[in-house]
Each structure stands twice: as structure tokens, then as C-alpha cells.
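K.L.:
Using only what follows, build the 3D model:
(one chain, ligands or ions: 1)
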Amino acid sequence: NKQILLDNRPQGEASASNFKLVESDTPPLKDGEVLVRHHFLSLDPYMRGRMNDAKSYAAPQPLGQVMQGGTVGEVVESRNPKYAVGDKVVGFGGWQEYSVVAADQPGALRKVDTTHVPLSHYLGAVGMPGVTAWYGLVRIIEPKAGQTMVVSAASGAVGSAFGALAKARGCRAVGIAGGPDKCRYVTEELGFDACVDYKQHKDASSLSKAIKDACPDGIDGYFENVGGMVMDAVMLRLNAHSRIALCGMIAGYDGQPVPMSYPQLLLTNRVRLQGFIVSEHMEDWPQALQELGTLVGSGKLRPRESVAQGLASAPEAFLGMLKGRNFGKQLVKVS
Ligand code: NDP
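P.N.:
Next up is the predicted model:
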């Protein structure tokens, strides 16, 4: 069983030398356990925060242990009557080829149906990132038909789902993304009404002019994935009583946190801003997954994936994602 461990913590930017590839045997199964062969690993921005030894909502990734993370795969051996060989499952198996799972533990493993939804999408649109978009939109932003919803990192795993969910509620959906290819995908494939390329702008004031053209009636709901200049520019276009779902601030993950330039606009516009962590809202997952599964099954949400080949490619793919080199949900196909 090939595995990737966190070998040492980054000093400043993360690098491939923080990780180590090792090989070990999988232990024999005990009663209640199953052996899962991973087809795909999920690479997610939150993993960068957990590489640091800092206090956060989740404990740091322990050194010398397999990098933790979401996985999809199939049961190849079972000592649990509820799971049969061949079952397709979503779990939290980490950066390795196989995992041994105590399948009766709450939340450890979930069987999934791949008739209408490809297995890999259970790590993206019909998985944690999709539910993240759903929670921020439905529970925090509370959109009304006709309102304008904006999301940063719009072509990504969370952002793409946000657009489909906002359109399904009769909203105007506007994305912000890096580069013409991502912006074209956001409007042409994902069905957003407009997309602004932040890389064409060198400061928040210039970017906010482009956002104004895309949002002629201002912004009622903003789903924040990025922080920094992008957030500043959106803040300049917020309507009175708008809502911000503060989901992520990836621009500041791999180094210094990025400051916010216009906090006073939260006051003058009476904005409701709320941060959230999707794993603390498990009660909403079934409803969200149901809606997301329907959107994907019916072709109304067509998520893109960036797939790195082979377990050994995980560190470089992960570091690339932090720099925006992914185009859609970043996965690793475990060979
Ligand atoms: P994505 O698939 O969106 O990939 C990350 C994207 O972020 C990149 O493709 C890039 O897109 C963008 N990005 C990276 N660096 C910068 C930068 N410096 N400035 C602007 N954009 C940048 O990732 P996810 O959909 O998985 O995650 C999106 C956000 O959601 C992250 O911030 C993540 O931490 C957060 N999240 C939060 C959760 C919660 O519970 N609160 C749960 C899940 C995710 P581009 O090229 O367009 O810039």
C-alpha cells in the first residue's frame, strides 16, 4: 500500500519536500472492518491550513502520518455484513492506495450509487464542496429570485456548484475567476450570467468597475472563496442589507493572511457576514446532496475535474491547486 505522509511542516510556502512517499502492508481486517481500494483522492484547499501547527477549527495534520483527506473507491474485502465486495463508497481514506475502515463508525463510509453520477463527483459537486456551496447559499445568503449572487473561484469545485444552485433559485449568477478559459467555461458550460476575469485587473478599484458592469443592480449575496483584492472589489459593489457567506480565503493560505481593505462598508451597508465550516452542519447534508445529485444527473450542473495521475502526483497537484493551476475539482486518480 503506497502512502504519502506529511514529513515536515512548511516554513512559509508549502513545497513537495514537506511530503514523503512510503510503502507498507495493509493490516488484516478485524470484525466490522472493510478494505477499500481508492479510485480517487480529493485535494482540498483546507489541507494547507492543517499542514501548519496552528490552532484552528480542526486539529493539525499529525507529522509522520498519512495525509488525511476524502476518497472514493470500492470495497475489495469485507468483514462487515452491511458492505459487499464491489460496493462503491465515499470515505476519508487519505493519500494512500488502500484504507482499512471500521465501517460502522458514524460518518466513516457511505455507499453511493454510480448509475447517474460518476464516482468521482462524490468528491466534488455531489460531495463536500457541493454541500459547502449549498449551505452558504441557502442557509447564510438566503437568496430571493431576481437577486444578484456573486462567487469567487467560480470555476472551482465549490464555485461551480454555487452557480447552478443560485440559477435554480431564479437568481442572477455572476462568477469571478482567473483567466479567459475559466471565465468562458463559467458562462458557457456552467450557465452563469456573467464572469469577471480578476487577472485582467491590477487593483480592487479597477476590478470593481468590471464587477459593476456584470452586476448592474449591485450585489445581494456574495460567496467568498478567495479574500484579498477580489473581496475588496466585491465589497465596493454590495447592496444595503446584502449577505456574505465567508467560506474560504485561499489567497492567504500559503503564506501571509491577506488584509481586508474596506471593513467600514460592512457597517454602512448593514451587511450580514458569516463564516462557516460545512462539516459542522451534517443535518443539512442529505437535503443538499439530494438537490446536487439531481442537478448533476439532469445535466444542469456539469462539473469539471482536473485529474492528476497516480498517487505520487498528489503533492505537486495539491501545490498547483493552491496557485490556481487546477481547472475544476482537483482529484488524483490512484492507479
Ligand atoms: P477550487 O476548486 O476553487 O480551487 C481553488 C481555486 O482558488 C483555484 O483554482 C483558483 O481559481 C483560486 N485561487 C487560488 N489562489 C488564488 C488567489 N491568490 N487569488 C484568487 N483566487 C485564487 O477549490 P474548492 O472549490 O475546493 O475550494 C474553494 C474555497 O472553498 C477555498 O477557499 C476552500 O478553503 C473553501 N472551502 C471551505 C469550506 C468550509 O467549510 N468553509 C469547505 C470546502 C471548501 P482561479 O484560477 O479562478 O483564481
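K.L.:
Can you name the residues bridging to residue 172?
P.N.:
residue 148 (DSSP bridges).
K.L.:
What is the neighbour count of it?
P.N.:
21 (other C-beta atoms under 10 Å). Any C-beta I mention is one placed from the backbone N, CA and C, and that applies to glycine too.
K.L.:
do residue 306 as well
P.N.:
Residues near residue 306, counting by other C-beta under 10 Å: 18.
K.L.:
Skip the chain neighbours and tell me the closest residue to it.
P.N.:
Counting by C-beta to C-beta, 6 or more residues apart in numbering, residue 306 lies nearest to residue 326, which is 4.2 Å off, once chain neighbours are set aside.
K.L.:
Could you tell me how many residues sit around residue 39?
P.N.:
19.
K.L.:
do residue 217 as well
P.N.:
When neighbours are defined as other C-beta under 10 Å, residue 217 has 11 of them.
K.L.:
isn't it right up against residue 148?
P.N.:
Yes - taking C-beta atoms under 8 Å as the contact criterion, residue 217 and residue 148 are neighbours in contact, 5.7 Å apart.
K.L.:
Quick check: neighbours shared by these two?
P.N.:
Common neighbours of residue 217 and residue 148, using C-beta atoms under 8 Å, 6 or more residues apart in numbering, are residue 172.
K.L.:
hang on, the earlier thing: ok but the residue nearest to residue 306 is inside a helix, no?
P.N.:
No - assigned with DSSP: H, G, I helix; E, B strand; the rest coil, residue 326 falls outside any helix and is coil.
K.L.:
State the distance from the residue of the stretch 51-200 of the chain found nearest the ligand to residue 258.
P.N.:
Evaluated by C-beta to the nearest ligand atom, the stretch 51-200 of the chain has residue 156 as its residue closest to the ligand, separated by 1.9 Å. Residue 156 sits at a distance of 18 Å from residue 258 (criterion: C-beta to C-beta, to the nearest Å).
K.L.:
Of these two, which one has the most company?
P.N.:
With neighbours defined as other C-beta under 10 Å, residue 156 and residue 258 compare such that residue 156 has more, 33 against 18.
K.L.:
residue contacts, that one?
P.N.:
Counting by C-beta under 8 Å, 6+ apart, the residues that residue 156 touches are 129, 225, 326, 328-329.
K.L.:
top of these by neighbour count?
P.N.:
Neighbour tally across those (other C-beta under 10 Å): the maximum, 29 neighbours, falls on residue 329.
K.L.:
does it really touch residue 126, like I thought?
P.N.:
No - contact criterion C-beta under 8 Å: residue 329 and residue 126 do not qualify, at 10.6 Å.
K.L.:
So which residues of the protein form helices?
P.N.:
For the chain, applying DSSP state H gives helices covering 46-51, 128-134, 157-168, 180-184, 204-214, 228-235, 264-268, 285-297, 314-322.
K.L.:
Relative to the ligand, how far out is the closest residue in space to residue 200 that isn't next to it in sequence?
P.N.:
Using C-beta to C-beta, 6+ apart and skipping residues adjacent in sequence, the residue nearest residue 200 is residue 210, 7.3 Å away. Here the distance between residue 210 and the ligand works out to 14 Å (C-beta to the nearest ligand atom, to the nearest Å).
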